[in-house]
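Novice: Fold the following, please.
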Amino acid sequence: MNPIYLTEKQRNILLSVVAVVIGVIFLFPLYWIVACSFKPDVEIFASHPTYIPHVLTLDAYISQFSGESNIIRAFANSSIVAIMSTVLSFILAVPAAYGLARFPMRGAKLFIMLFLVTQMLPVTLILTPMFLIYKNMGILNTYLAPALSDATISIPFIVLILRTYFLSLPKELEDSAKIDGCNTFTAFIRIMLPISYPGLIMAAAFSFLFAWGDLAFALTFTSSPEMRPMTATIYNFMGKYGMEWNKIMAFGTMLVLPVVVIFVTLQKYIVSGLTNGAVKE
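Specialist: Next up is the predicted model:
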C-alpha cells in the first residue's frame with residue numbers, strides 16, 4: 001500500500017510499530033546487561049544463549065555489597081563528583097546563558113561559536129594541560145579535579161541550550177517585574193528562573209550524566225582507588241576479575257541504574273526543555 005494513501009489511524013499504527021522496533025533495538029543491550037547479571041558464568045558462556053536466565057542467582061550482586069569490590073564507595077564517589085560538577089556548571093553557565101540571551105553585546109556570535117568549538121575538542125587534547133594545572137594547584141587525587149574537568153564539558157552545552165530557552169521566554173515578564181520594583185538581578189532570580197524550571201531540570205540532568213559517565217578524567221586525575229568513581233572502578237574491576245562476566249554485568253547494572261532513573265523520571269522535563277528552547281533567532 002502506498003504510504004500516501006494511508007489513513008491517519010494506519011499511519012499512527014505504522015509509526016508506533018517502527019518506534020517499538022527502534023526502542024527494542026536500542027534497549028536490548030541494556031536488557032542483556034541486566035539479564036547476564038542474574039546468570040551464572042556457565043550459562044553466560046553457553047553455546048546457545050539464553051535470553052531469559054534459566055538459573056537465577058543473586059551471587060553477583062551479593063559480592064558487590066560484601067566488600068569485595070567496594071561498589072558502595074565507588075557509587076558515593078560518582079555521586080559526589082557528579083553533584084559538584086552540576087553545581088559548578090549551574091553557577092557559571094546559567095547567568096552566562098541569560099546574559100547572552102537578554103543583553104546585546106558586540107561579538108556575541110563569535111563568543112557562541114567559541115562555545116561550539118570547545119564541544120568539538122577531544123578530551124585527550126586537554127588532559128595534559130589540565131593535569132599540569134591541577135598539579136600546580138594541588139588538587140590532584142581530590143573530588144574537585146574531575147568535577148572541574150566535567151564542568152568544562154557541560155558548561156558550554158548548558159550555555160548553548162539555556163540561551164535559546166531564555167530567548168523563548170517573553171521579555172515582558174522581566175519588564176513587568178522591573179516596573180514592580182525589581183532590578184535585573186532580582187527579576188532574574190525571582191521571575192525568570194522559576195518559570196524556566198523545565199530548561200533548568202533538563203540542563204541539570206545532562207550535566208549530572210556527563211559527570212556520571214566520565215572515564216578519562218576520573219582515571220587521569222584520581223590515582224587512589226578509594227577516590228575513583230564507578231566508571232574508573234569498573235575499568236579496574238574488569239582487569240581484576242577477568243572473565244567473571246556476571247559480576248561485571250552486575251557492576252554495570254548498578255552503573256547505568258541512575259541514568260535510567262533520571263531519564264524515566266525526568267523525561268517530561270527533558271523533552272520540554274529541549275523543545276521549548278528550539279527557537280529561531
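Novice: Residue for residue, what is the longest helix this protein has?
Specialist: helix 71-102 (DSSP state H).
Novice: distance between that helix and the chain's centre?
Specialist: Computed by C-alpha atoms, centre = their mean, to the nearest Å, the chain-centroid distance of helix 71-102 equals 10 Å.
Novice: again, but for stretch 215-222
Specialist: With C-alpha atoms, centre = their mean, you get 17 Å for stretch 215-222.
Novice: Tell me which residues of it come out buried.
Specialist: A216, F217, A218, L219, T220, F221, T222 (16 or more other C-beta atoms under 10 Å). For glycine as for every other residue, the C-beta is placed from the backbone atoms N, C-alpha and C.
Novice: just to revisit the earlier point, avg pLDDT for the longest helix of the chain?
Specialist: Taken as a whole, helix 71-102 has an average pLDDT of 90.
Novice: which of the residues in it are buried?
Specialist: For helix 71-102, using 16+ other C-beta under 10 Å, the buried residues are 71, 73-75, 77-86, 88-90, 92-94, 96-102.
Novice: hang on, the earlier thing: so can I have JSON lines of the buried residues of stretch 215-222 showing distance to I201, secondary structure and pLDDT?
Specialist: As requested, those are exported to JSON lines (distance: C-beta to C-beta, whole Å; DSSP: H, G, I helix; E, B strand; the rest coil; pLDDT from 0 to 100):
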{"residue": "A216", "distance to I201": "27", "secondary structure": "helix", "pLDDT": "88"}
{"residue": "F217", "distance to I201": "24", "secondary structure": "helix", "pLDDT": "91"}
{"residue": "A218", "distance to I201": "25", "secondary structure": "helix", "pLDDT": "89"}
{"residue": "L219", "distance to I201": "30", "secondary structure": "helix", "pLDDT": "88"}
{"residue": "T220", "distance to I201": "30", "secondary structure": "helix", "pLDDT": "89"}
{"residue": "F221", "distance to I201": "28", "secondary structure": "helix", "pLDDT": "91"}
{"residue": "T222", "distance to I201": "29", "secondary structure": "coil", "pLDDT": "88"}
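Novice: For M120, state which of the residues you listed is nearest.
Specialist: A216 (16.0 Å; C-beta to C-beta).
Novice: Identify the residue nearest that closest one in space, chain neighbours excluded?
Specialist: The shortest distance from A216 to any non-neighbouring residue, by C-beta to C-beta, 6 or more residues apart in numbering, is to V123 (4.8 Å).
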